[in-house]
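Undergrad: No sequence on hand, only this structure:
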């Protein structure tokens, strides 16, 4: 049976010009519209998207308003509303290549053992990025590669799809939603308002492995990730690095024993601080700031967990 897709965009106060580019690319998909539906999840935007975004171009498109703020809540609403066999999450700054949805279907048919997959994310910078930012582009969900790769190992980062353009089998998405319904995800792992906490997409991807399936990345899947100039500033990147470090610790708490969080020996703490000091001495001012941001994120997450905010496995 040929799978049908549910394409889901979760948006909170999106840039109008970016969202129009996203929708324009969806209009131009080579996969016939009869093979997919479109759900635009308005996550408590100040101006309701239904009042300003026209979806009449697609006979199976719907506006859905989610009143609980946060990307996780918006994604869960999309999962519960979706009718497709495959869900494709297209962020409000993701411009798909014309054959993206068609390629998603090909992967679904040719790789039945995969539960989640994504592809290449080329940058669409609003302005020329400073040269020093290049080493941090991967943190901005920029990913380009030549060969396909896949695994069923949840710890293998080079096969881990990110949320941009992520395709998920409905069975995996339902399993992920069930974890939330059963209270096994009592910490929200995604953006909420201006927060830079993340990790929900990784948690969703790893659910494929929980279900006995794999995850993969395919070069044939291509999109442009629109990146505003505001995300190429030192302040933003420092906050982003802190948020990613914080999220990584929390994600690990979902997936492994948290017993090791109960405390390090004082000797180990001293060694860690001495090693950090040595690293700081050989860095420039910006690198020192970013290093501290990562450490701050990790320390905040450990303190959060040690204060009793443990996760139900």
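TA: Yes, it's here. Since we're looking at a predicted model, the values are computed, not measured.

Undergrad: contacts, neighbours, all on C-alpha from now
TA: OK.

Undergrad: Distance check, residue 26 against residue 124.
TA: Separation of residue 26 from residue 124 (Cα to Cα, to the nearest Å): 17 Å.

Undergrad: what's the answer for residue 288, then?
TA: Residue 288 is 28 Å from residue 124, by Cα to Cα.

Undergrad: could you point out the longest strand in the chain?
TA: For the chain, the longest strand by residue count, based on DSSP state E, is strand 214-227.

Undergrad: On the three-state scheme, residue 243 is what?
TA: Using DSSP: H, G, I helix; E, B strand; the rest coil, the structure places residue 243 in helix.

Undergrad: What's the local residue count around the nearest residue to it once chain neighbours are set aside?
TA: In space, and not counting its chain neighbours, residue 243 is closest to residue 197: 4.7 Å by Cα to Cα, 6 or more residues apart in numbering. Counted with other Cα atoms under 10 Å, the neighbours of residue 197 add up to 23.

Undergrad: Hmm, residue 239 and residue 197 touching each other?
TA: No. In this structure residue 197 lies outside contact range of residue 239 using Cα atoms under 8 Å: 9.4 Å.

Undergrad: between residue 26 and residue 124, who's got more neighbours?
TA: Set residue 26 next to residue 124 and count neighbours by other Cα under 10 Å: residue 26 wins out with 23 against 17.

Undergrad: tell me the SS of residue 62?
TA: strand.

Undergrad: surely it meets residue 49?
TA: No. Counting by Cα under 8 Å, residue 62 does not reach residue 49; the two are 11.0 Å apart.

Undergrad: Averaged pLDDT, the helix or strand encompassing residue 300. What do you get?
TA: Element membership for residue 300 (DSSP states H and E) is helix 285-306. Across helix 285-306, the average pLDDT comes to 91.

Undergrad: Please enumerate residues in contact with it?
TA: The contact list for helix 285-306 (Cα atoms under 8 Å, 6 or more residues apart in numbering) reads 234, 237-239, 241-247, 249-250, 261-262, 280.

Undergrad: In the residues you listed, find the pair that's most separated.
TA: Farthest-apart pair in these is 234 and 262; separation 33.7 Å (Cα to Cα).

Undergrad: ok, now which ones touch residue 69?
TA: 43, 44, 192, 193.
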